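**Q** Below are the sequence and a predicted model; questions follow.
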Amino acid sequence: MRDAGLEQAIKAAGGVASLARGIGIAQPSVSAWSRIPAERVLAVEALTQVSRNILRPDLYGPSRDQVTERSDIDEIDHLRAAEYGLLSLLLGKAPDADTLARVATLKGDASDLGMAHVELATAASAADDGATSKEFFNLFIGVGRGELLPYASYYLTGFLHERPLARVREDFDRLGIERAGPSREPEDHIAILLEVMSGLARGEFEADFGEQKKFFERHLKPWAARMFADLEMSQSARFYRAVGRVGRVFIELESEAFALSE
């Protein structure tokens, strides 16, 4: 029997076949689900626009009634959460054709971040999902290793699985955040840290603004803007050069905003 979150996702996607096709897996796999696997939640959310809180409330926070009670969350925090979520999605795996089509609809104003959004939308509209998948592999995975290693430990120490990873795990324990799904990526991967910040900004964890600031300043501020700048300057990147610009500008804005809150 399918749970409510899966039923809503199937309805929003236009059926089981459309949902399977949209996230790039076989229809029988989706037909066999009783609930959405943890590793598929973000992809289903991006495709259907159904909140992860609804898709898997056991992983991403409280029930719908409790989420409704959080109407006092500022609109800016919702926008911040969406920005973190977008970057996490694009850095967690290569975007499929549907994701690229959605990114291509981004709008922007004359601000630095707005112009970066316009550049990203333009890059997405010109991108091919096959070429983008190859670009993602070369940048972040590679044969042996990718061009960039998007981990806090590497950027801060030059090695993987070092003290920065231990600090992330300490804060996960303190905040009650548990890893879900079969992902083997260390918790200091940029996509995972951005996803946590999205949840903090959205109010999905029992944490106040001070915890947001603490998590950001411990785990992202010291290195994330530099990693995004490296991505922005990569000679082999095409689509991901625009992702790098959005990430760099956004992290710089967040750093300034948290500094002003002191």
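**A** Now that the structure is in, tell me what you want to look at.
**Q** Which strands or helices does the biggest helix by length in the chain pack on?
**A** Ranked by residue count and defined by DSSP state H, the top helix of the chain is helix 239-260. Applying 3 or more CB pairs under 8 Å, 6 or more residues apart in numbering; DSSP states H and E, we find helix 239-260 packed against helix 75-92, helix 112-126, helix 129-140, helix 209-219, helix 224-233. From N, CA and C alone the C-beta is placed, and that goes for glycine too.
**Q** what ranges of the stretch 151-262 of the chain fall below the confidence cut-off?
**A** Judged by pLDDT under 70, the stretch 151-262 of the chain has its weakly predicted residues at 180-183.
**Q** try 80 this time
**A** Filtered on pLDDT under 80, the stretch 151-262 of the chain yields the residue ranges 178-183, 206, 262.
**Q** before we move on, the earlier item: okay, buried residues for the longest helix of the chain please.
**A** 239-252, 254-255, 258 (16 or more other CB atoms under 10 Å).
**Q** I'd assumed residue 244 was in contact with residue 123.
**A** No: taking contacts as CB atoms under 8 Å, residue 123 lies outside contact range of residue 244: 10.6 Å.
**Q** pLDDT at the nearest residue to residue 12 once chain neighbours are set aside, what is it?
**A** In space, and not counting its chain neighbours, residue 12 is closest to residue 48: 3.8 Å by CB to CB, 6 or more residues apart in numbering. Per-residue pLDDT puts residue 48 at 88.
**Q** Report how many residues lie close to residue 48.
**A** Per other CB atoms under 10 Å, the neighbour tally for residue 48 reads 21.
**Q** Also residue 176?
**A** Residue 176 - counted by other CB under 10 Å - has 9 other residues nearby.
**Q** and it, backbone torsions?
**A** In terms of degrees, to the nearest 10, the main-chain angles of residue 176 are phi 80, psi 30.
**Q** For it, which residues are in contact?
**A** 205-206 (CB atoms under 8 Å, 6 or more residues apart in numbering).
**Q** 10 Å instead, please
**A** Counting by CB atoms under 10 Å, 6 or more residues apart in numbering, residue 176 makes contact with 205-207.
**Q** Check residue 213 too.
**A** By CB under 10 Å, 6+ apart, the neighbours of residue 213 are 200, 221, 254, 257-259, 261-262.
**Q** Residue 89 now?
**A** Residues in contact with residue 89 (CB under 10 Å, 6+ apart) are 42-43, 45-46, 95, 99, 102-103, 191, 194-195, 198.
**Q** Apart from its chain neighbours, what residue comes closest to residue 214?
**A** Once flanking residues are discounted, residue 214 sits nearest to residue 171: 8.0 Å by CB to CB, 6+ apart.
**Q** Please, which helix or strand holds that neighbour?
**A** Using DSSP states H and E, residue 171 sits in helix 163-175.
**Q** Could you list the buried residues of that helix?
**A** For helix 163-175, by 16+ other CB under 10 Å, it's 164-165, 167-168, 171-172, 175.
**Q** Kindly report the same for stretch 127-142.
**A** So, applying 16+ other CB under 10 Å, buried residues of stretch 127-142: 127, 129, 132, 135-136, 138-140.
**Q** One more: stretch 35-49?
**A** Neighbour-count burial for stretch 35-49 [16+ other CB under 10 Å]: 35-36, 38, 40-48.
**Q** Alright, calling it a day.
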